[in-house]
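In: generate coordinates for the sequence data below:
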Amino acid sequence: MLGLVLLVARASDGGLSSESAVVLIAVMSLSSFGGMLVGGGLGDRFGARRVLAGSLLLQAIALLWLSISDNPWQMYVFAAAFGLGYGGWSPQFPSIAAKTFGTKHMGSIFATLLLGAGTGATIGPVMAGVIFDSSGSYSVAFMIGSGLALAGVILAWLLR
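Out: Numbering: from 1, shown residues only. Sure thing, here's the model as predicted:
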């Protein structure tokens, strides 16, 4: 979510016009849609845990890429890769939750997962703003986001 919320600001700081920066959101949204369609099928075929880990790894690499990007084409590559990763992991959560906890209390379990995701999606951009205000750059925030995505990869592999 960090990449999504701050992408226009980062792109504008990188020299893109506001109009071009907004197109990045469309690229990210379309690739996220594609990631959801493909990710659901891949999760069914190869296992939700593997697709979750792969999707988070793609997002981690994309965030590192964004932290060093200074050309418009690099930001478009970021938007496509990050969106694909975001779309890829989102259909895996219900599958993993059902396999881990069963389906009897699926509503409560999934709501708790979404609460955690929403909390992170709220705190991350605020903290990135604080980092930007103190350092003048989003790079450190994107590197931290990448590190957190890598922690998610490790945790995905530890799931039973």
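
In: C-alpha only now, for contacts and for neighbours.
Out: Fine.

In: so residue 15: helix, strand or coil?
Out: Taken by DSSP: H, G, I helix; E, B strand; the rest coil, the conformation at residue 15 corresponds to coil.

In: how about it, phi and psi?
Out: Per-residue torsions, residue 15: phi 100, psi 0 (degrees, to the nearest 10).

In: how many neighbours does it have?
Out: If you count neighbours by other CA atoms under 10 Å, residue 15 ends up with 13.

In: swap in the one 10 residues further on?
Out: Taking other CA under 10 Å as the neighbour definition, residue 25 ends up with a count of 20.

In: quick one: residue 75 and residue 64 touch, right?
Out: No: contact between residue 75 and residue 64 fails when scored by CA atoms under 8 Å: they sit 11.5 Å apart.

In: more neighbours: those two, which one.
Out: Each of residue 75 and residue 64 has its neighbours counted (other CA under 10 Å); residue 75 has more, 24 against 20.

In: show me what contacts the more buried one?
Out: 11, 24, 66, 69 (CA atoms under 8 Å, 6 or more residues apart in numbering).

In: so which of these sits lowest on pLDDT?
Out: The lowest pLDDT within the contacts of residue 75 belongs to residue 11, which sits at 79.

In: which residue packs closest to it, ignoring adjacent ones?
Out: Excluding the flanking residues, the one nearest residue 11 by CA to CA, 6 or more residues apart in numbering is residue 21, at 5.6 Å.

In: you'd agree residue 72 is up against residue 17?
Out: No: taking contacts as CA under 8 Å, residue 72 lies outside contact range of residue 17: 10.0 Å.

In: which residues are contacting stretch 134-153?
Out: Contacts of stretch 134-153 (CA under 8 Å, 6+ apart): 2-3, 10, 52-54, 56-57, 59-64, 66-68, 127-129, 131-132.

In: looking at those residues, which are in helices?
Out: 2-3, 10, 52-54, 56-57, 59-64, 66-68, 127-129, 131-132 (DSSP state H).

In: what comes up buried for the helix or strand residue 95 falls within?
Out: Following DSSP states H and E, one finds residue 95 within helix 92-101. Under the neighbour-count criterion of 16 or more other CA atoms under 10 Å, helix 92-101 has 92, 93, 94, 95, 96 buried.
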